[in-house]
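[1] Test case, fold it:
(2 chains)
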Amino acid sequence: MKTLEDLKRLREQVKSQTQLRYEAKTKIIIGMGTCGIAAGARDVMTSILAEISKRKLEDITVAQTGCIGMCEKEVLVDVVRPGEMRITYGNVTPEVVPRIIAEHVVNGCIVEELVVGKME
Amino acid sequence: MEHFRAHVLICAGTGCVSSGSKKVEAALREQLAKKGLDKEIKIVETGCHGFCEMGPLVIVYPEGVFYVRVKEEDVTDIVEDHLYKGRIVERLLYKEPVSLEKVPNYSDIPFYKKQMRMVLANCGHIDPEVIEEYIAVNGYQALGKALVEMKPEDVVDEVKKSGLRGRGGGGFPTGLKWGFTRSAVGEKKYVVCNADEGDPGAFMDRSVLEGDPHRIIEGMAICGYAIGADEGYIYVRAEYPLAIKRLKIAISQAEDMGLLGENIFGSGFNFKIKIKEGAGAFVCGEETALLASIEGRRGMPRPRPPFPAVSGLWGKPTNINNVETFANVPQIINNGADWYAAIGTERSKGTKVFALTGRINHTGLAEVPMGISMREIIYDIGGGIPNGKKFKAVQIGGPSGGCLPENMLNLAVDYDSLIEVGAMMGSGGLVVMDETTCMVDVAKFFLNFTQSESCGKCTPCREGTKRMLEILTRITDGEGKDGDIELLQDMAKDIKATALCGLGQTAPNPVLSTIRYFKHEYEAHIKEKRCPAGACSKLAGYTILDSCKGCSLCKKACPVEAISGTIKAKHQIDSEKCIKCGTCLAKCPFKAIVKG
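    Residues are numbered from 1 along each chain as shown, chains lettered A, B, ... in the order given. The predicted structure is shown next:
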């Protein structure tokens, strides 16, 4: 490291290592109740994480939640972008994960055909 | 790069390690691997969070859920419920002691709510063994800013303007000290970090060194630039092996990145840091003794002047600051002196870390703005006195400080207010005492400490503390005489005036302050041969109450046959024969024997 610029560059690079502990922007929440797990929530989560690493996305929190009662629509995945509505996707499979990530999480366009609910 | 959806922070400070955090970590690693979660969940070993009473501490992000007293067998629940399914393990949450409500989040816990964690900001949040984590939270930015954008004299001025005072005890203005060393004549100069934390009950420096070692390196390098030194020493006691290990790692990482070494940030400034392990003599916390010890000589103080700023390590101008002082420097450079000076009181700026120990619910580290009341520290942050006991006194400033009674609890704590009431900030150790503590015994404890740590070089300290200790021992043994109190005060005055270094000059403080606020306890020992707190065993008497059923268990247990009485009738203790061993009290099934 030779200049202040080098330090700044390195800081930007490594920020994601600790970012999670301070603040994160977009939230992805996966229904991991018994129903969700039975419907394959774990595979969905793994593919979400894989997609995030593949695209080197930062500032994203992946969290789990319990059953919200729409068990027949599991796996349910919610996406909340800062300042936007909480969008719930139903019947999510690992196959549709890349679409949700690319269209909604990255570009902000809701994947309407998969949506089962919207919350303020 | 892998994306970690959760970070599990495990405290690896000395406190939590001793309560078993390493076992918890091992179990966690094993179970995460078994569940196939190890690629998506990151385990981070952090430094001390300060809430040592509740350790081992485990914090799970992104939620920021705070688990306390986690044991090996709790790990399964954390992994299967929380990390796999996202359900918080309620039974491991911190419970508010009064309402018994569970508090899931770090920031909502009363212990942290009233704190202002600036020096400790990273402790418990970053992995101290990974330099990138420090850089990610703005680390080394202040060093870069100082070297590239500021002249050395501007750095000194900035520190002066901030109002930062030495956190090691004396409270000397840091900027002024830097200025002296800067203007001292000499090509070669040194920066020394005093990490010889020795006050009983104080462990804030250890926690900073263990939890955020890069902050100290950065602070020292900034100081080196400001005063024109190219070499620094950290004098750290050998009893802090974890701190030494992490410092060594941190120094080599900083060297690898070019943050220590030659031509740092292309500014032409060179700086290197060496570690010197102290052998554990309390007197080596005194700056001239410390310097002698680094030079390889016996750790003994010498008269000042000349001050180290003029003639220090190997006769060269040397700036010595305490760990916490250096830890304050980067934020002053980053945020400016005005920002820093806005925190605290008129003459004491910024925050101070206190180590809470003794009879207090939340043993641990608390960082608070200067000027906060003692009551807030002890009750709001410290959670008050355990077992429904009454507060009696708080000892502040270690063996150099004094005891404050209950009516001083509302005192706004800063350097000057404490001096006024006969105590001192010292390193910030707070030992809380309840009604069962005898104040004469406390004075004896601290004097015993300074007496055995006296290096023996000067007579007032070597002989004076010894004689004072003898008098105190006599008083607690029930052999006090009229005039003892006055004699103690007289000797204290002379020792304070004539001892060579800070150790001797402040050694009588605990005696003076306990006489000042608890004279009646001294008088009770001397005149009535009675210890009001029931702590001095030689003065403790035992009495059998009317609730005695006459079971005669005590009579059988008494080793000197001091108890008499017939079966089913109240027994008596012959106080002449009684050797105050307390066996009868322990034996009585009806709690009919009392001490005092």
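[2] Need the three-state assignment for the residue positioned nearest the centre of chain A.
    In chain A, the residue lying closest to the centroid (Cα atoms, centre = their mean) is residue A:28, at 3.0 Å. Under DSSP: H, G, I helix; E, B strand; the rest coil, the three-state class of residue A:28 is strand.
[3] element containing the closest residue to it other than its chain neighbours, please.
    Of all residues not flanking residue A:28 in the chain, residue A:62 sits nearest, at 5.0 Å (Cβ to Cβ, 6 or more residues apart in numbering or on different chains). Placement of C-beta: from N, CA and C, glycine included. When secondary structure is defined using DSSP states H and E, the element that contains residue A:62 is strand A:60-65.
[4] average pLDDT across that strand?
    For strand A:60-65, mean pLDDT is 87.
[5] Moving C-terminal from that strand, which element do we reach first?
    strand A:77-80.
[6] Residues contacting that following strand, please?
    Contact with strand A:77-80 is made by A:26-31, A:44, A:48, A:65, A:86-89, A:92, A:100, A:104-105, as judged by Cβ atoms under 8 Å, 6 or more residues apart in numbering or on different chains.
[7] so which strand or helix has the closest residue to residue B:558 other than its chain neighbours?
    Counting by Cβ to Cβ, 6+ apart, the nearest residue to residue B:558 once its immediate chain neighbours are dropped is residue B:584, at 5.8 Å. Element membership of residue B:584, judged by DSSP H and E, is helix B:583-587.
[8] which ones are touching the nearest residue to residue A:108 once chain neighbours are set aside?
    Sequence neighbours aside, residue A:81 is the residue nearest to residue A:108 in space, at 6.4 Å (criterion: Cβ to Cβ, 6+ apart). Residue A:81 makes contacts with A:25-26, A:104-105, A:108, as judged by Cβ under 8 Å, 6+ apart.
[9] One more: residue B:212?
    Shown in contact with residue B:212 (Cβ under 8 Å, 6+ apart): B:47, B:120, B:122-123, B:126, B:128, B:134, B:327.
[10] Weed out the non-buried ones from these.
    Applying 16 or more other Cβ atoms under 10 Å in any protein chain shown to the contacts of residue B:212, the neighbour count classes B:47, B:120, B:122-123, B:126, B:128, B:134, B:327 as buried.
[11] Count the residues that sit near whichever residue of chain A sits closest to chain B.
    Nearest residue of chain A to chain B, counting by Cβ to the nearest Cβ: residue A:64, 2.5 Å away. By the criterion of other Cβ atoms under 10 Å in any protein chain shown, residue A:64 has 23 neighbours.
[12] my guess is it meets residue A:32, correct?
    Yes: applying Cβ atoms under 8 Å as the test, residue A:64 and residue A:32 come out as touching, 4.0 Å apart.
[13] In helices, which of the buried ones among the contacts of residue B:212 appear?
    Mapping those onto helices (DSSP state H) picks out B:134, B:327.
[14] can you list the domains in chain B?
    B:6-113, B:131-341, B:351-434, B:439-527, B:542-595 (automatic domain parsing).
[15] Same list (those domains) but as TSV, adding mean pLDDT.
    Formatted as TSV, the domains of chain B follow (pLDDT from 0 to 100):
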stretch	mean pLDDT
domain B:6-113	90
domain B:131-341	95
domain B:351-434	92
domain B:439-527	95
domain B:542-595	89
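[16] Can I get those in TSV including distance to residue A:96?
    TSV is the format used below for the domains of chain B (distance: least, Cβ to Cβ, whole Å):
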stretch	distance to residue A:96
domain B:6-113	20
domain B:131-341	33
domain B:351-434	48
domain B:439-527	69
domain B:542-595	71
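[17] about what we covered before: name the residues of the strand holding residue A:62 that are buried.
    A:60-65.
[18] Show me which pair in these is furthest apart.
    Among those, the pair separated by the greatest distance (Cβ to Cβ) is A:60 and A:65, at 16.0 Å.
[19] for the helix or strand where residue A:99 lies, what is the average pLDDT?
    Following DSSP H and E, one finds residue A:99 within helix A:97-99. Mean pLDDT, computed over helix A:97-99, is 94.
[20] neighbouring contacts of it?
    With Cβ under 8 Å, 6+ apart as the contact definition, helix A:97-99 has outside contacts at A:44, A:47-48, A:51, A:111, A:114.
[21] how does it look with 7 Å?
    A:44, A:47-48, A:51, A:111 (Cβ atoms under 7 Å, 6 or more residues apart in numbering or on different chains).
[22] Equivalent analysis for stretch B:252-264, please.
    With Cβ under 7 Å, 6+ apart as the test, stretch B:252-264 has contacts from A:1-2, B:131, B:140, B:143, B:147, B:214, B:217, B:221, B:251, B:270-273.
[23] Any of those residues buried? List them.
    Neighbour-count burial (16+ other Cβ under 10 Å) applied to those gives A:1, B:131, B:140, B:143, B:147, B:214, B:217, B:221, B:251, B:271, B:273.
[24] Alright, I will stop here.
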